[in-house]
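1. output the structure for:
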Amino acid sequence: MNWKGKKVLVTGTSGFIGSNLTRKLLTEGADVFGIDNFSYIEEDMAKGKLHDILKQIKIIEGDVAEEETWKPVPGNIEYIFHFAGPSSITLFKENPKKCYAETFLGLKNALEFAKENPDVKKVIYPSTGSLYAGNEFPHNENVYPQPRNSYAVAKMACEGLASSYSDFVKSIGLRIFAGYGPGEEWKKDFGSVLYLFIRDQMNGISPVVWGDGQQTRDFIYIDDLTKIITQAAENDFTGVVNVGTGRATSFSRLLEIINENIKTGKKPTYIPKERNYVDNLKADTEIMKKVFEIEPILPDEGIKKFIEYLNSQK
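-> The predicted structure follows:
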């Protein structure tokens, strides 16, 4: 799609995914509006590093869960990229009522806005691969998800909510497994485990690993993720789709790759994992590869790029 002049709304503009997506859309000529309350991040750091994009967009400061926040949004928006809200189980544990409200009501307001404004062609929103925490492999879209924490439960509720609007609003929920890359540094302690490992190694601190390090995740680099998000708006696919590489990487292997690039020699500290800890997640990417034109890079390459970026920001 030619994004030049397209009117789009990005919620969570300053967030990890939202900021990278906004930059990509601006580069491609889109007319971007944003909603953000700059929570869950290092606000001063984010605003400093995002100064170039924040001055190019029309920003509405407010909580997406509040209906009042949506009133200034122009009715001629064509695409809504709804990426506002808490993205960490830790945050949900600290304040479950607030986090659930922001997650569920935020999407409800986005869908309601789209329903009331016929110029909106599609709503794109994030779900999570951790929906499959209680499922055996393969983790594909045809199984009934068995979430094991409140964050994943909230995302499952969002998928049901989007489905309930399907007669009025086209939408796609992206079951993102584990995104990582530039922009995580202002998420404080709520970044991906991969980012936290890198940050600790760079600061000469032993990374903390739950369990024995053999647990696995499917890590997808932010540049690939934003490509998928924009393609999700461009194509006709609706419903939900897994977003990952289709490869599982253990935490022990992550630490090996990080040490190959940083060489601090700091050994990890192992602590007992929680009872409902998620051991293994890996995306079945069969549908993803049919829907999107992409071949995601693997962690060996992505971690090197991420570390180079973080070094350049010192």
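2. wait, a helix at E308?
-> Yes. Applying DSSP: H, G, I helix; E, B strand; the rest coil, one finds E308 inside a helix.
3. and it, how many residues sit next to it?
-> 11 (other C-beta atoms under 10 Å). In this view, the C-beta of every residue, glycine as well, is placed from N, C-alpha and C.
4. and it, what does it touch?
-> Contacts for E308 were tallied using C-beta atoms under 8 Å, 6 or more residues apart in numbering; there are none.
5. over to L196?
-> D189, P207.
6. separation between it and I124?
-> Taking C-beta to C-beta, to the nearest Å as the measure, L196 falls 27 Å from I124.
7. check S206 too.
-> The gap separating S206 from I124 is 39 Å, by C-beta to C-beta.
8. likewise L174?
-> For L174, the distance to I124 (C-beta to C-beta) stands at 7 Å.
9. count the neighbours of the nearest residue to E301 once chain neighbours are set aside for me.
-> In space, and not counting its chain neighbours, E301 is closest to Y221: 7.9 Å by C-beta to C-beta, 6 or more residues apart in numbering. When counting by other C-beta under 10 Å, one arrives at 22 neighbours for Y221.
10. surely Y221 is in contact with A178?
-> No. Taking C-beta atoms under 8 Å as the definition, Y221 is not a contact partner of A178, at 10.2 Å.
11. correct me, but V32 touches L54?
-> No. The pair V32 and L54 does not pass the contact test of C-beta under 8 Å, sitting 10.2 Å apart.
12. if you count surrounding residues, which of the two has more?
-> Using other C-beta under 10 Å as the criterion, V32 and L54 rank with V32 on top: 23 against 18.
13. wasn't that one part of a strand?
-> Yes. Judged by three-state DSSP, V32 forms part of a strand.
14. what about the closest residue to it other than its chain neighbours, neighbour count?
-> Leaving aside its chain neighbours, V32 sits nearest to I57 (4.3 Å; criterion: C-beta to C-beta, 6+ apart). I57: 21 surrounding residues under other C-beta under 10 Å.
15. again with E159
-> Neighbours of E159 (other C-beta under 10 Å): 20.
16. can you give me the distance of it to I220?
-> 19 Å.
17. next structured bit after the helix or strand of the chain with the lowest mean pLDDT?
-> Least confident helix or strand of the chain, by mean pLDDT, DSSP states H and E, is helix 43-49 with a mean of 80. Using DSSP states H and E, the helix or strand that follows helix 43-49 in sequence is helix 51-54.
18. what's the spacing between that next one and its chain's center?
-> Remark: helix 51-54 is offset 20 Å from the chain centroid, using C-alpha atoms, centre = their mean, to the nearest Å.
19. that helix: which residues count as buried?
-> Using 16 or more other C-beta atoms under 10 Å as the test for burial, helix 51-54 gives I53, L54.
20. so which residues make contact with that helix?
-> T13, S14, S19, T22, R23, L26, G34, K47.
21. correct me, but the first one touches I41?
-> No. Counting by C-beta under 8 Å, no contact exists between T13 and I41, whose distance comes to 10.9 Å.
22. neighbour-wise, which of the two wins?
-> Taking other C-beta under 10 Å, T13 and I41 do not tie; T13 has more neighbours (27 against 22).
23. if I pick S39, what's in contact with it?
-> Residues near S39 by C-beta under 8 Å, 6+ apart: none.
24. name the helix or strand for it, please.
-> With DSSP H and E as criterion, S39 is part of no helix or strand.
25. Y151 now?
-> Per DSSP H and E: helix 150-164 holds Y151.
26. any idea of the angle the very next helix or strand once past that helix forms with helix 150-164?
-> On the C-terminal side of helix 150-164, the closest following helix or strand by DSSP H and E is strand 171-176. Here strand 171-176 points in a direction 160 degrees away from that of helix 150-164 (axes from the mean of the first three to the mean of the last three C-alpha atoms, to 10 degrees).
27. what about the helices in the protein?
-> For the chain, applying DSSP state H gives helices covering 16-27, 43-49, 51-54, 67-70, 89-94, 96-116, 150-164, 193-202, 222-234, 251-262, 286-291, 299-312.
28. need the winner for burial among those helices.
-> helix 16-27 (a mean of 22; mean count of other C-beta atoms under 10 Å).
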